[in-house]
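Participant: Predicted model, plus sequence, below.
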Amino acid sequence: MGTFYRVVVACCLALQLAACAGTSAVESQTKQKDGRLARLYFLREKGLIGALGGTGAGAEIRIDGKSVGTEANGSYIFVDRPPGRCYTLSVENKVSMAFETEVQVEAGQ
């Protein structure tokens, strides 16, 4: 019975530590929206799959190869960028495969 109890406690601690991965953004998340810029939102759903990756399970968000932040489960970040050009967006975490796409953004959108 003692071994079972230790396994349960260890699993609970691992999940709590995974939840502490947190969300951090390089850019301010309190600034007002500027109609001359395009705002890009990055949303990460809540779920157990991301929590299983351990304390470093946050998804790293990059625009044109530069990190703009890391997201924990159930969080979001946003960034503002000038319109009229194509940006390469990528997301990478330890649990799933990396994702990359290109988007062209418009002002106020």
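Facilitator: Yep, it's here.

Participant: Please tell me how far residue 80 sits from residue 101.
Facilitator: According to CB to CB, to the nearest Å, residue 80 stands 19 Å off from residue 101. Using the backbone N, CA and C atoms, a C-beta is placed for each residue, glycine as well.

Participant: So if I had to pick from the two, which one is more boxed in?
Facilitator: Shown here are residue 80 and residue 101; by other CB atoms under 10 Å, residue 80 has more neighbours (16 against 9).

Participant: quick one: secondary structure of that one?
Facilitator: Of the three states, residue 80 takes strand under DSSP: H, G, I helix; E, B strand; the rest coil.

Participant: Isn't it up against residue 29?
Facilitator: No. Using CB atoms under 8 Å, residue 80 and residue 29 do not qualify as a contacting pair, with a distance of 10.9 Å.

Participant: Just give the number of residues close to the residue lying closest to residue 35 once chain neighbours are set aside.
Facilitator: Among residues not flanking residue 35 along the chain, residue 108 sits closest, at 4.8 Å (CB to CB, 6 or more residues apart in numbering). Neighbour count for residue 108, taken as other CB under 10 Å: 12.

Participant: Where does residue 108 fall, secondary structure wise?
Facilitator: Under the criterion DSSP states H and E, no helix or strand holds residue 108.

Participant: tell me the contacts of it?
Facilitator: 35-36, 38 (CB atoms under 8 Å, 6 or more residues apart in numbering).

Participant: Looking at the residues you listed, which are in strands?
Facilitator: Residues of the contacts of residue 108 located in strands (DSSP state E): residue 38.

Participant: List the residue ranges of this structure that fall below the pLDDT cut-off.
Facilitator: Counting by pLDDT under 70, the ranges of the chain that qualify are 1-23, 48-57.

Participant: All the strands of it, residue numbers only.
Facilitator: Going by DSSP E, the chain shows strands at 24-25, 38-44, 59-63, 66-71, 75-81, 86-92, 99-104.
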